[in-house]
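quick one, what's the 3D model for this:
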Amino acid sequence: MSAVWSHGIRHEWLSFNSISKVRTFAKRLREPDVLTPAEFQALLLELPLRERAAVMLAGSTGLRRSKLFALRWSDVNFFSMEVAVTRSCVRNHFGETKTEASRKPVPLDESVREVLAEWRGA
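The predicted structure is shown next:
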């Protein structure tokens, strides 16, 4: 894209490259706020069952939002304690995951399995 801007500047159609002000490096602008284990436990105690299950699933598996939103009950195997990640949801569009490595089953912790089972039965 910079070639287009260079061409416009060379022929005096543009006075400067406005894209040059866009931040393109990977350094974070601020450090993320990471919860301590005690803060995480306190948060879980305050949440209703459905939200607690979602937070525990996200926190224990490390799945991204796009994959969490696309999960179905059929993806959760309570016997092998795994979650099958088969699709993702981006901007309300359900489709394939980006990479084949993203489709691997994710292990499920016993405490998360119990909360999910409680929510499913509720």
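
what is the neighbour count of residue 68?
16 (other C-beta atoms under 10 Å). Placement of C-beta: from N, CA and C, glycine included.

can you confirm it is in a helix?
Yes: counting by DSSP: H, G, I helix; E, B strand; the rest coil, one finds residue 68 located in a helix.

leaving out chain neighbours, which residue sits closest to it?
Nearest residue to residue 68 in three dimensions, chain neighbours excluded: residue 58, at 5.7 Å (C-beta to C-beta, 6 or more residues apart in numbering).

secondary structure element for the one you found?
Residue 58 is part of helix 49-61 when elements are defined by DSSP states H and E.

packing partners of that helix?
helix 37-46, helix 65-69, helix 110-121 (3 or more C-beta pairs under 8 Å, 6 or more residues apart in numbering; DSSP states H and E).

quick one, it and helix 110-121 angle?
Counting by axes from the mean of the first three to the mean of the last three C-alpha atoms, to 10 degrees, helix 49-61 points 150 degrees away from the direction of helix 110-121.

buried residues, helix 49-61. List them.
Neighbour counts over helix 49-61 (16 or more other C-beta atoms under 10 Å) mark 52-57, 61 as buried.

which of those sits closest to residue 112?
residue 56 (4.8 Å; C-beta to C-beta).

quick one: the nearest residue to that closest one once chain neighbours are set aside and residue 50, what's the gap?
Excluding the flanking residues, the one nearest residue 56 by C-beta to C-beta, 6+ apart is residue 112, at 4.8 Å. Residue 112 sits 13 Å away from residue 50, going by C-beta to C-beta, to the nearest Å.

just residue 33 next, same as before
Separation of residue 33 from residue 50 (C-beta to C-beta) stands at 24 Å.

how about residue 121?
From residue 121 to residue 50 the distance is 13 Å (C-beta to C-beta).
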